[in-house]
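Asks: after the sequence you'll find the predicted model.
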Amino acid sequence: MNDIDIKKYHKMEKTMDFEFSKSQLMIKKEAIRFAQKELDDDVSEREKTGVFPISLWKKCADYGVLGSAFPEQYGGADADILSTVLMMEGLGYGCRDNGLIFSLNSQIWTVQMPICKFGTEHQKDKYLTKLCKGELIGSHGMTEPDSGSDAFSLKTSARREGDYYIINGTKTFTSLAPVAELFLIFATIDESKGFMGITAFLVEKNYPGFQVGKDIKKMGLKTAPMAELVMNDCRVPVENRLGKEGNGAAIFDEDAEWERSCILAGMVGCMERQIETCIKYARSRQQFKQPIGKFQSVANKIVDMKIRLETSRLILYRLAWMKGKKQKATMDAAIAKLYLSESYVKSCLDAVQIHGGYGYTTEYGIERDLRDSIASTLYSGTSEIQKNIIAKFLGL
Amino acid sequence: MNIIEKFIIDEVAYNLNRTEIPEEENLLKTGIIDSMAIIKLVTFIEETFKMRISEEDLVPENFQDLKSITGYVEKHAIT
């Protein structure tokens, strides 16, 4: 290609822009202010008892967190995805309750989004508005005791009987289950069809045969309740099937892509807060008659944290942009989930190390971030599964 | 060989050393199309035929064999 051809391309419209609008910056700034003022109570006390912060949940709903990305007719704000992600980043920065941030995202991307995308008008009217307004809590039931990473090998079954489906099976690691009243359940209507036999259902807590099982205690995210679900000839009206028969895998893939793209936005905010905390500590803590930040072994850790934060941001924002443009992003979402979660864990570990013994104690909450961060490499598909997805898309 | 068959042989089932796919071979039962392969196939079809495949159409009737896939594409592709 000669010089004249290149000059032609230089004159064409350019669209790549790394700058946020004033309103987007304000969205993040206001989210930080809201979180610091309204959500930053004594997390360590609630963590000891594992109490779900229902009052804070309602505050978030009133603020518009749950409805941000959803149509106004369902109680949402119709905000673009990038703005919603910026808001989540702000919440993660301002609120130290990672369990609350995780729970909000879990409902938004894995319950609200599938209903919004695949629900009938009746289902959206009945459930989506209440979910967006915080009047109803929703939970996503996919994983089973014998099917985690191999999600589509699930055994929960559904058979049609007249105007109902009869569902039998058990789900585990179901986030928000102890406090939810609506459950998005995946079951197979025909095992011989493999993943295309899977169908999605909206199950209300009071349906006959449905039971929330035992609470599940975890090493972190202790304020995000989790339990098993047991369905014993659970009767679900046909009108509560979400999408068509056999659509369940496609619905799950879609909500998994949303979750992987957006759920870690709050963690990016947390990473920024951690860097500030570590810098403050490294400048003030003196050893060998100088601030420990003057030692390269400490400074370099903070540098690494900063690099992870900025690279995580780029991946997160680009993915939010892609989702906003309705682009297919399966591999990109897997890259984001893998990189952001692993970065988050590394940064939490660095934060503990920088704070030394104080980082290891419970008083400062630094060790809590580390315990909470481990879950991010597991939920929404483990790091190993994300690598499998990327490998497949690379043609391997 | 149509372009979809070639993609399935070269990209989806490349490790199986297939040279052809009978149009009524049940690709779901044989495992050639699994949950990951369907995403790759959908992406390929959308890009090649400049069409959008709705998730609601990802049902066995439309994707269980080459005949149904080709029929679906012929019906929905932008001409």
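Replies: Ah, there it is.
Asks: count of neighbours near residue A:191?
Replies: 12 (other CB atoms under 10 Å in any protein chain shown). Just so you know, the C-beta spots here come from the backbone N, C-alpha and C atoms, and that holds for glycine as well.
Asks: how about residue A:27?
Replies: Around residue A:27 there are 23 residues (other CB under 10 Å).
Asks: roughly how far apart are it and chain B?
Replies: 29 Å (CB to the nearest CB, to the nearest Å).
Asks: was I right about that residue contacting residue A:85?
Replies: No - counting by CB atoms under 8 Å, residue A:27 does not reach residue A:85; the two are 9.8 Å apart.
Asks: need the distance between the two termini of stretch B:24-34.
Replies: One end of stretch B:24-34 sits 17 Å from the other (CA to CA, to the nearest Å).
Asks: residue numbers of chain A in contact with chain B?
Replies: Selection of chain A residues close to chain B by CB under 8 Å from any CB of the partner chain yields A:117-118, A:152, A:192-197, A:243-247, A:249-251, A:253-254, A:328, A:330, A:388-389, A:392-393, A:395.
Asks: mind giving me the ChimeraX command for buried ones among those?
Replies: The ChimeraX selection below is limited to those of the residues of chain A next to chain B classed as buried (16 or more other CB atoms under 10 Å in any protein chain shown):
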select /A:117,118,152,193,194,195,196,197,243,244,245,246,247,249,250,251,253,254,328,330,388,389,392,393
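Asks: what does residue A:180 show for phi and psi?
Replies: phi -90, psi 160 (degrees, to the nearest 10).
Asks: per-residue pLDDT, it?
Replies: The model reports residue A:180 with a pLDDT of 98.
Asks: go ahead and confirm it touches residue A:137.
Replies: Yes - here residue A:180 reaches residue A:137: they are 4.5 Å apart, a contact under CB under 8 Å.
Asks: all strands of chain A, in order?
Replies: Assigned strands in chain A, in chain order: A:138-141, A:157-161, A:164-175, A:182-188, A:198-204, A:210-215, A:226-237, A:241-242, A:286-287, A:290-291 (criterion: DSSP state E).
Asks: which strands and helices lie in contact with the fourth one?
Replies: So that's strand A:182-188. Packing contacts for strand A:182-188, counted by 3 or more CB pairs under 8 Å, 6 or more residues apart in numbering or on different chains; DSSP states H and E, involve strand A:138-141, strand A:157-161, strand A:164-175, strand A:198-204, strand A:226-237, helix A:248-262.
Asks: quick one, what contacts residue A:132?
Replies: A:61, A:66, A:67, A:70, A:74, A:75, A:76, A:112 (CB atoms under 8 Å, 6 or more residues apart in numbering or on different chains).
Asks: over to the second one: give its phi and psi.
Replies: Put plainly, it is residue A:66. phi -70, psi -30.
Asks: how far is stretch A:241-261 from where the chain is centred?
Replies: When C-alpha coordinates are averaged (CA atoms, centre = their mean, to the nearest Å), stretch A:241-261 and its chain have centres 15 Å apart.
Asks: as PDB, could you dump the C-alpha coordinates of that stretch?
Replies: The C-alpha trace of stretch A:241-261 is given here as PDB (Å, rounded to 0.1, in the frame of the first residue of the first chain):
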ATOM      1  CA  ARG A 241     -41.400 -21.300  31.700                       C
ATOM      2  CA  LEU A 242     -38.800 -18.800  30.600                       C
ATOM      3  CA  GLY A 243     -38.300 -18.900  26.900                       C
ATOM      4  CA  LYS A 244     -39.100 -22.000  24.800                       C
ATOM      5  CA  GLU A 245     -38.500 -25.600  25.700                       C
ATOM      6  CA  GLY A 246     -34.900 -26.400  25.000                       C
ATOM      7  CA  ASN A 247     -33.800 -22.800  25.300                       C
ATOM      8  CA  GLY A 248     -32.300 -23.100  28.800                       C
ATOM      9  CA  ALA A 249     -28.700 -23.500  27.700                       C
ATOM     10  CA  ALA A 250     -28.900 -20.400  25.500                       C
ATOM     11  CA  ILE A 251     -30.500 -18.500  28.300                       C
ATOM     12  CA  PHE A 252     -27.800 -19.600  30.700                       C
ATOM     13  CA  ASP A 253     -25.000 -18.800  28.200                       C
ATOM     14  CA  GLU A 254     -26.400 -15.400  27.800                       C
ATOM     15  CA  ASP A 255     -26.700 -14.600  31.500                       C
ATOM     16  CA  ALA A 256     -23.300 -16.100  32.100                       C
ATOM     17  CA  GLU A 257     -21.800 -13.700  29.500                       C
ATOM     18  CA  TRP A 258     -23.500 -10.800  31.200                       C
ATOM     19  CA  GLU A 259     -22.300 -11.900  34.600                       C
ATOM     20  CA  ARG A 260     -18.700 -12.500  33.500                       C
ATOM     21  CA  SER A 261     -18.700  -9.100  31.800                       C
END
